[in-house]
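Below is the sequence, then the predicted model.
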Amino acid sequence: MAEKRTEFESLGGNNLDGIGGNAKKITYTAEDGSKKSIQIDCGMKFSDKALTGVDNYIAPLECDDLLITHAHADHIAGIIHHIQMNPERPLNIYADKFTHQFMLAEMTKQGLPLDNMPKFHDVKDGEKFMVNGFEVEPVPVTHSAPGAIAFVVESPDGTRLMDMGDFKTTPVELGKGWEDARMAEVFAKGIDVCFCDSTSTTSKEVTPPYEAVTKGFKKILYDNPDAQMMVGTIARSAQQMMADVIAVAEYAKETGTKPRTFILDGASLVQVNNALNKSDMSMEKACYERTGVRVKIIDAKSPEARTIPPQERIYMVTGTQGEELASMARVSRGENRNIRPSRTCPNLCVNQQAVIPSGDNQAIVDEMMEALRRQGWKTMIPERGAPFVEGETYYVSGHGRAGDMEKVADIAAHNQPAGRACTFIGIHGDEVQTKATEEIFKDKGQKVEHITNAQKVVVSKGEVQVSPTIGKASRIAVIDDNDNFMDPDFRYIKQAFNPVSKKWEDVKQIDYEKILVSKNDRKKDGKGGKGGKGHGGKKKGNKGHRDMSPMLMQKMQRTH
């Protein structure tokens, strides 16, 4: 007879070499030795192809039942590749309604036929549901992506694990987010192991709320009342855009002026706005309910966009890191048909995302901003890690700092049932970040453990232990041999981590049959369904589709 136990394993994300590729598996072993598992997230870790020859790496997908914490690529972007490699897999996805709508639109855009779509299940705050023998309770948290949730997973033996997802401990502007009272209620039921986001815990204090962005953006409006504005943003991080929308409404109310119109230039921004509207999180509606002011949000391609006076425009654009095919870079090269500097009023470009310290990002962004200045745009960009100044900040991270973790520790200490201690483990980070998280909880008197990828946390008879040995971590390298986002030619190579050499080694190339329909094929076919070239033939590295070039992919390691 086997010993009943619950195991948590990091399949990806707790990397030795940076963040990304997040994926976790929870397994219950019954007395008869049978096992049941579910997985949380299946993301992508981006790569510098010039250095590695690889476009990106995706985490393993080891379960058919998948819980999704939020819509960022480092948590979801591996899924469509796994469907491509195994299209008959009966995949169930449990996610917030916005995350569902965004993923559905993204998979459709990338050419996934409807017949191969996973089955989506919308989840709501506090509404428990059963998945493969586990009782799951979703809990809203605050992150830059709307609809972010933590999951409390209770196994059949009563073990309760909580994956916090990506989070910080301040309120959201859109939808539901972090609430101290809600989290206290969760800990009061007892949590055996809590897994915490470690991305920003090397920074002190609490990550500022999105209200700070509203104040900072409103100051920009006061300082530039007559300027045509262009604002660079990360599309999926819509909480920050919502803070801008509120700032515009409040400014109009305070000055008695007509509110500016937000003009979305970039397919991903339109996609996110559509997903918000379909998931009952309309930014226009939320703004009106809060301020009583109606602010319009329209597509740059709409005829209405051309009728709006320049000084009443706020172009929201993609490409904060200088991605060559994104909206802001095309403006800097004079190639964007929708956006031109005005000759009748000042022009202001606000890049609302600090430069991500990866590869040659700094040089690329500097070059783009200089090109905009030569065209006559005044430019602004936040400095990464700069001290928070009330009323001056116009960008904040979606990840909690040390102060956020201290708040979690205090909530747990004041609410956890007597005799049932919680063990805290840092996830979603490299070794420095995860250990920094664990030190914070340790300093607050909490129990901590540490894991890396392929290492298990085992809970049996109420005892929490980390397996002394580390399994063989695996991932899949994704290579586009065409380097063409319109018609990519993917190769998938399974890799394993060698703990002796501390290097990733190729195991095998994965054969697959194309199911994704490329943009070129869809244009020829005139439809979004099957029928593109290459269908039906098994090849090594057959052709699929993704929505961005390799150069874009290696530059979009999002800070959210």
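Happy to help now that I have it.

Could you tell me which residues within the longest strand along the chain count as buried?
Longest strand in the chain, counting residues (DSSP state E): strand 503-513. Going by neighbour count (16 or more other Cβ atoms under 10 Å), the buried part of strand 503-513 is 504, 510, 512. All C-beta atoms are positioned from the backbone trio N, CA, C, and that covers glycine.

same deal with stretch 45-64?
45-49, 54-64.

so who does residue 319 touch?
With contact taken as Cβ atoms under 8 Å, 6 or more residues apart in numbering, residue 319 is in contact with 232, 266, 326-330, 368.

Inside strands: which ones of those?
Judged by DSSP E, these include residue 232 as members of strands.

I'd like to know how far the closest residue to residue 318 other than its chain neighbours sits from residue 410.
Leaving aside its sequence neighbours, residue 318 sits nearest to residue 266 (Cβ to Cβ, 6 or more residues apart in numbering; 3.5 Å). Computed as Cβ to Cβ, to the nearest Å, the residue 266 to residue 410 distance reads 41 Å.

Ok, residue 345 next?
For residue 345, the distance to residue 410 - Cβ to Cβ - is 50 Å.

I figured residue 446 hits residue 412, correct?
Yes: in this structure residue 446 lies within contact range of residue 412 using Cβ atoms under 8 Å: 6.7 Å.

overlap in contacts of those two?
What both residue 446 and residue 412 touch, as defined by Cβ under 8 Å, 6+ apart, is the set 422, 424.

partner strands of the helix or strand harbouring residue 425, parallel or antiparallel?
Counting by DSSP states H and E, the element that carries residue 425 is strand 423-427. Applying DSSP bridges, strand 423-427 is found paired with strand 193-197 (parallel), strand 447-449 (parallel).

most neighbours per residue, which of the ones you listed?
strand 193-197 (a mean of 27; mean count of other Cβ atoms under 10 Å).

Out of the buried residues of stretch 45-64, flag the one nearest to residue 518.
Among these, residue 55 lies closest to residue 518 (Cβ to Cβ), at 15.5 Å.

my guess is that closest one meets residue 476, correct?
No: using Cβ under 8 Å, residue 55 makes no contact with residue 476, being 11.4 Å away.

Looking at residue 266 and residue 410, which one has more neighbours?
Using other Cβ atoms under 10 Å, the more surrounded residue of residue 266 and residue 410 is residue 266, with 23 against 15.

State the distance from the more buried one to residue 350.
Taking Cβ to Cβ, one finds residue 266 at 15 Å from residue 350.

can you pull the pLDDT of the residue nearest the centre of the chain?
Nearest residue to the geometric centre of the chain (Cα atoms, centre = their mean): residue 72, 1.8 Å. Residue 72 is assigned a predicted lDDT (pLDDT) of 95.

what about the longest helix in the protein?
Ranked by residue count under DSSP state H, the longest helix found in the chain is helix 238-255.

what about the stretch 51-200 of the chain, any weak spots by pLDDT?
Along the stretch 51-200 of the chain, the model assigns pLDDT under 70 to no residue.
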